[in-house]
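Colleague: Quick check, what structure comes out for this input:
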Amino acid sequence: MKDDLLTLCKRQLRFEIDESDQDEDLNFLIESTKEELIKSGVEDDESKMYKRLVVLMVQKAYEGEETPKNLDKSIQALILKLKSW
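Modeller: Numbers count the residues shown, from 1 in each chain. As a prediction, this is how the structure comes out:
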């Protein structure tokens, strides 16, 4: 699943898919995002919504201040939908 998420993150950030300069950083962000989600009550699964959430959170962490403002609302909405209550 990590490779799938890495490719999705690269596409979202408009990186070259074969380029590996940022792979280590992106893999770190992917793994730390997954840990953060588990601590927030969102289970690690293979669903498309979960993958989308990880990609959006990695985008936000990577881009920082340059992230679109509506991204926070998208992330919050996905967390609420995926969270185990």
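
Colleague: For stretch 4-22, C-alpha coordinates in CSV please.
Modeller: Backbone C-alpha positions of stretch 4-22 (Å, rounded to 0.1, in the frame of the first residue of the first chain) are rendered in CSV as follows:
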residue,chain,number,x,y,z
ASP,A,4,0.5,3.2,-4.1
LEU,A,5,0.3,6.1,-1.6
LEU,A,6,3.8,7.2,-2.7
THR,A,7,2.7,7.3,-6.3
LEU,A,8,-0.6,9.1,-5.4
CYS,A,9,1.3,11.7,-3.4
LYS,A,10,3.8,12.3,-6.2
ARG,A,11,0.9,12.9,-8.6
GLN,A,12,-0.9,15.2,-6.2
LEU,A,13,2.4,17.2,-5.7
ARG,A,14,3.1,17.1,-9.5
PHE,A,15,6.4,15.3,-9.0
GLU,A,16,7.9,13.0,-11.7
ILE,A,17,6.8,9.5,-10.8
ASP,A,18,10.2,7.9,-11.5
GLU,A,19,12.1,10.6,-9.7
SER,A,20,13.3,9.4,-6.3
ASP,A,21,14.8,12.5,-4.7
GLN,A,22,11.8,13.1,-2.5
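
Colleague: list the buried ones in stretch 16-32?
Modeller: Residues of stretch 16-32 classed as buried under the neighbour-count rule (16 or more other CB atoms under 10 Å) are 22, 26, 27, 29, 30. From N, CA and C alone the C-beta is placed, and that goes for glycine too.

Colleague: In TSV: these, plus distance to residue 83, secondary structure and pLDDT.
Modeller: Conversion of those to TSV gives the following (distance: CB to CB, whole Å; DSSP: H, G, I helix; E, B strand; the rest coil; pLDDT from 0 to 100):
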residue	distance to residue 83	secondary structure	pLDDT
22	29	coil	86
26	25	helix	94
27	25	helix	94
29	21	helix	96
30	19	helix	96
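
Colleague: possible to save those as JSON lines with distance to residue 69?
Modeller: Below are the buried residues of stretch 16-32 laid out as JSON lines (distance: CB to CB, whole Å):
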{"residue": "22", "distance to residue 69": "24"}
{"residue": "26", "distance to residue 69": "23"}
{"residue": "27", "distance to residue 69": "27"}
{"residue": "29", "distance to residue 69": "20"}
{"residue": "30", "distance to residue 69": "23"}
